[in-house]
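Peer 1: What follows is a predicted protein model with its sequence.
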Amino acid sequence: MTKNKNINKYKDSGVNIDEGQKFVDDIKNLTLNLNPKYSLSNIGGFSGYVEVPDNIINPVYALACDGVGTKMRIALKADDLSTIGIDLVAMCVNDLIVSGAKPIAFLDYYGCANLDRKKGQQILKGILEGCSQSGCDLVGGETAEMPDHYKGENFDLVGFSMGVNDKNKIINGSKIKEGNVILGLPSSGFHSNGYSLINNIIGNAASNKFLEKLLTPTKIYVNEVLTLLENVEVNGMAHITGGGFEENLSRINNNLTMNIDKTKWNMPQIFSEIQSLGNIDDKEMFKVFNCGIGYVLILTEDNAAKAKEINQSLIEIGFVTNESIKFKFI
C-alpha cells in the first residue's frame, strides 16, 4: 500500500472530531435546558439509563425502531429540518403504544457526510420536542460523519424507542370479537409515510408554502391513547403507517375481518391535492397513505361509547365481522 503523505489527520479524511464534540455539547445543553432533573443518563457517555414507573408491578419492555424516510428530502428542499425530529419520535412511540406500552426512552442515529451543527441542532430540537410530547427521555444516540458514504446533503435519521408495560396488560388483539367497533383518531397529514411517491409527484416544482404543508409533523398519539387505556378496555389497536389500512389492520387479528367505511370521515385537503397532482386512484391512495386516520382502536360497543365521551375527536369508522378475509372496505 502506497503511503499518502498529504493525508495525516482524521480531519483530512473529512471527519471533524472537534466539531463532533461540540455537537455533543449542544445535545447536553439542549437536553438539560428541557429537563434540568435529567440525572440518570449522561449524554455523551457510553450508555443511558431509565427508571421504571412506580405503578408497573410486573414490567416487560417493548422496543421499536423507525426512520423519517424520504420526508427528509422535502425538509432539505424547504431548508427546514425543524420538524423531522418530531416525526422520528412519533413514528417510534406510536408503534409502542399499540400494545399498551408507555414510552420511557428514546435514542437516535444521525449519519451525514459532513456535520453541520446548525442543521443538527434543528433536528435535535425536534427530537426533544417529540420526547416531551410523548413523555420519554432522550437517553443517548449516535452521530456519524462519513463523507465517503453519504453524498452531498443526504443523511440518515433513525430512531429507537423503549416502552414499558405490565405483563398482564399487554394488548395483542386476542380479545377482539365479532361486533366490536373500530374507532379512528385523525392524522395531522401524511405523517412520515409515502414520501417516495410524493417526491416523484411534486419533483422540484413545489412552492415553499406547499412544502411546509407536507412537513406538518406526525401526530403523537401517546397521551390520548394512554388516557383512554386508563379509563376503558381496548381490545386492539393499530398505527396506520406504510401500507395503509389493509396492511396495518390485518396484523391485529388473523381470524376476523376488519371492515372500514371510508365515508365516515373526510379526507383532508392535502391528500386530495397530492391525489389530483399525481392522478392517483382511490385504491392506491388508501394502500399507501393514512388518508386522514392515523391511529385505530377496536372496542366493544359499550367501551366505544365511553371512549367517544372521553375523546370527542374519535370517529367511528368500522366494525369487526367473522369472515374468510382479513380486511375490506365497505
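Peer 2: Looks like it arrived, so ask away.

Peer 1: Going by C-alpha atoms from here, please, whenever you check contacts or count neighbours.
Peer 2: Will do.

Peer 1: Break the protein into its domains for me.
Peer 2: If the domains of the chain are taken from automatic domain parsing, they occupy 14-169, 181-329, with pieces of a single domain joined by a plus sign.

Peer 1: now the most centrally placed residue in the chain: how far from Phe286?
Peer 2: A centroid search over the chain (CA atoms, centre = their mean) returns Met91, at 1.0 Å, as the residue closest to the centre. Distance of Met91 to Phe286, given as CA to CA, to the nearest Å: 19 Å.

Peer 1: do the same with Asp156
Peer 2: Spatial separation of Asp156 from Phe286 under the definition CA to CA is 27 Å.

Peer 1: Going along the chain, name the helices of the stretch 151-300 of the chain.
Peer 2: Here the stretch 151-300 of the chain has its helices, by DSSP state H, counting those that start in this stretch, at 195-202, 208-214, 222-231, 244-249, 269-278, 282-288.

Peer 1: So what pairs up with Phe319 in the strands?
Peer 2: With DSSP bridges as the criterion, the beta-bridge partners of Phe319 are Val181, Asn259.

Peer 1: Could you number the chain from 502 rather than 1 from now on?
Peer 2: Got it, the first residue is 502 from now on, which makes the last one we talked about Phe820.

Peer 1: What residues does it make contact with?
Peer 2: Under the criterion of CA atoms under 8 Å, 6 or more residues apart in numbering, the contact partners of Phe820 comprise Glu679, Gly680, Asn681, Val682, Ile683, Met759, Asn760, Ile761.

Peer 1: Would you write a PyMOL line that selects the buried entries of those?
Peer 2: The following PyMOL selection, which keeps only the buried ones among the contacts of Phe820, applies the criterion 16 or more other CA atoms under 10 Å:
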select buried, resi 681+682+683+759+760+761
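
Peer 1: Let me see the ranges of the strands in this structure.
Peer 2: 560-568, 603-613, 638-646, 656-667, 682-687, 737-740, 758-761, 794-800, 816-822, 828-830 (DSSP state E).

Peer 1: what's the least confident stretch among those?
Peer 2: Out of the strands of the chain, the stretch the model trusts least by mean pLDDT is strand 638-646, with a mean of 90.

Peer 1: Can you name every helix or strand that that one contacts?
Peer 2: In terms of contact count using 3 or more CA pairs under 8 Å, 6 or more residues apart in numbering; DSSP states H and E, strand 638-646 is assigned the packing partners strand 603-613, helix 618-635.

Peer 1: looking at those, which is buried most?
Peer 2: Among those, judged by mean count of other CA atoms under 10 Å, the one packed with the most neighbours on average is strand 603-613 (a mean of 22).

Peer 1: May I have it as PDB, with CA atoms only?
Peer 2: What follows is strand 603-613, C-alpha atoms only, in PDB (Å, rounded to 0.1, in the frame of the first residue of the first chain):
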ATOM      1  CA  LYS A 603     -45.800   3.600  28.000                       C
ATOM      2  CA  PRO A 604     -42.700   5.200  26.200                       C
ATOM      3  CA  ILE A 605     -39.900   5.900  28.600                       C
ATOM      4  CA  ALA A 606     -36.700   6.200  26.500                       C
ATOM      5  CA  PHE A 607     -35.500   7.300  23.100                       C
ATOM      6  CA  LEU A 608     -32.200   7.100  21.100                       C
ATOM      7  CA  ASP A 609     -31.300   8.400  17.700                       C
ATOM      8  CA  TYR A 610     -28.800   7.800  14.900                       C
ATOM      9  CA  TYR A 611     -27.800  10.800  12.700                       C
ATOM     10  CA  GLY A 612     -25.500   9.900   9.800                       C
ATOM     11  CA  CYS A 613     -24.200  12.600   7.400                       C
END
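
Peer 1: got a list of contacts for that strand?
Peer 2: The contact list for strand 603-613, computed with CA under 8 Å, 6+ apart, reads 551, 590, 594, 597-598, 632, 635-648, 651, 654-666, 723, 727.

Peer 1: repeat for stretch 795-814
Peer 2: Contacts made with stretch 795-814 from outside it, assessed by CA under 8 Å, 6+ apart, are listed as 677, 680-689, 720, 722, 725, 729, 733-742, 815-816.

Peer 1: From the residues you listed, list the buried ones, please.
Peer 2: Here the buried ones among the contacts of stretch 795-814, as counted with 16+ other CA under 10 Å, turn out to be 677, 681-689, 720, 722, 729, 733-742, 815-816.

Peer 1: OK, contacts around Gly627?
Peer 2: For Gly627, the contact set (CA under 8 Å, 6+ apart) comprises Ser583, Thr584, Ile585, Gly586, Ile587.
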